[in-house]
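# Sequence and predicted structure, then a few things I'm wondering about:
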Amino acid sequence: MAMSKLCCKKLLVLRNIQTQKTEEKKQKVKAKSPPGRLCLSSCWKNGQHGQRLSLHLLFSLLSSSNHGIYTLSLSLSKICAEDRIDPFVFKFQFKNVEYSSGRNKTILCYLVDKGNTADGLLRGYLEDEHAGTHVEEAFFTQCFPHEDPALKYTVTWYVSSSPCSTCTTKIAKVLKDQKNIKLSIFAARLFEWEEGEIQAGLKALHAAGCKLRVMKPLDFSYTWDTFVENEDQPLNLWEDCKENYEYYHEKLSDILQ
């Protein structure tokens with residue numbers, strides 16, 4: 001009986017030692033793991049692209065490993081690059097064809113220069129289906145909601161299609177009310193340019209100080225390099241890209257003259 005009690009005490013001591021070692025091991029793992037939450041917030045606050053974090057990345061950051069502690073292995077640049085434009089989507093949506101059949105959404109790529117500030121150049125893109133409203137309006141409400149009157153902003157858009165009449169009116173009002181914003185719009189195609197209200201809207205934009213341009217072949221290559229997940233591959237421009245540019249350039253010049 002005494003021998004049995006002695007064995008039980010030894011087993012209890014061994015279990016306590018094993019439990020203590022397990023807890024020490026967990027603490028070591030926790031100490032070595034990088035602060036995933038900090039990296040996530042840094043990307044959101046300081047990311048140079050002004051982009052949304054993709055849901056699958058967010059879920060992966062919240063998943064567990066190593067006793068409930070996630071080891072963050074992605075660099076900040078890779079996280080930000082998650083939300084670039086799909087190359088196939090870009091080639092289809094930005095193709096400057098005359099008749100844009102099936103292209104029922106607009107993609108807006110933006111650059112914002114705040115001048116001599118530490119923020120540098122802000123970069124990102126919006127799509128109609130993700131924004132919930134037209135991308136032109138969504139830019140000012142989602143990406144540019146707190147404009148500082150003391151700063152001068154130089155904003156550049158590369159859009160797959162020029163704005164509709166409603167958006168041109170809203171953009172023109174913003175430019176008239178906020179003189180510290182200078183906007184340039186480079187459009188791959190002109191949206192329903194034959195319609196009188198569209199032409200009137202483009203003229204109103206021009207009168208409000210907006211620089212309206214049609215995208216040249218070089219602009220397509222620049223947008224591809226800057227906003228597309230291109231895997232370091234150059235853009236092979238379609239055969240009639242230059243010809244279509246000249247067509248839209250002539251139409252826009254006639255409207256704005």
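Received it, and whenever you're ready, just let me know what you need.

# switch to C-alpha atoms for all contacts and neighbour counts from now on
OK.

# The residue nearest to Lys152 when sequence neighbours are not counted and Glu250, how far apart?
Excluding its sequence neighbours, the residue lying closest to Lys152 (CA to CA, 6 or more residues apart in numbering) is Asn180, at 4.8 Å. Asn180 sits 30 Å away from Glu250, going by CA to CA, to the nearest Å.

# Quick check on those two: which one has the bigger neighbour count.
With neighbours defined as other CA atoms under 10 Å, Asn180 and Glu250 compare such that Asn180 has more, 16 against 12.

# Might you report the residue contacts of the more buried one?
Counting by CA atoms under 8 Å, 6 or more residues apart in numbering, Asn180 makes contact with Pro149, Leu151, Lys152, Tyr153.

# what domains does the record give for the protein?
Domain assignment for the chain by automatic domain parsing gives 33-83, 84-256.

# Mean pLDDT added to the ones you listed, as TSV?
Formatted as TSV, the domains of the chain follow (pLDDT from 0 to 100):
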stretch	mean pLDDT
domain 33-83	32
domain 84-256	91
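
# hey, which of the ones you listed is tucked in deepest?
Highest mean neighbour count of the domains of the chain: domain 84-256, a mean of 17 (counted as mean count of other CA atoms under 10 Å).

# gap between the two ends of it?
Distance across domain 84-256, first residue to last, is 33 Å (CA to CA).

# Which of the contacts of Asn180 lies at the shortest distance from Phe220?
Set against Phe220, the nearest of the contacts of Asn180 by CA to CA is Tyr153 (23.5 Å).

# tell me the helices in the stretch 51-200 of the chain, going along the chain?
Applying DSSP state H, counting those that start in this stretch to the stretch 51-200 of the chain gives helices spanning 55-62, 76-81, 87-93, 128-131, 135-138, 165-177, 196-207.

# quick one: which of the contacts of Asn180 is nearest to Gln93?
Tyr153 (27.6 Å).

# Contacts only, for that closest one.
Counting by CA under 8 Å, 6+ apart, Tyr153 has contacts Val112, Asp113, Lys114, Gly115, Asn180, Ile181, Lys182.

# isn't the fourth one right up against Ala150?
No - between Gly115 and Ala150 no contact is recorded; they are 11.0 Å apart, counting by CA atoms under 8 Å.

# how about Tyr222, what does it touch?
Residues in contact with Tyr222 (CA under 8 Å, 6+ apart): none are found.

# so is it in a helix, a strand, or just coil?
At Tyr222, secondary structure determined by DSSP: H, G, I helix; E, B strand; the rest coil is helix.

# how far away is Leu151 from Ser160?
29 Å.

# whoops, Gly196 was the one
Gly196 is 21 Å from Ser160, by CA to CA.

# Next: Ala207.
Distance from Ala207 to Ser160, counting by CA to CA: 22 Å.

# What of Gln142?
Between Gln142 and Ser160 the computed distance is 19 Å (CA to CA).

# And for His206?
Taking CA to CA, one finds His206 at 19 Å from Ser160.

# Identify all contacting residues around stretch 184-196.
Contacting residues not belonging to stretch 184-196 are listed as 94-98, 155-164, 198-199, 210-215, 245, 248, 251-252 [CA under 8 Å, 6+ apart].
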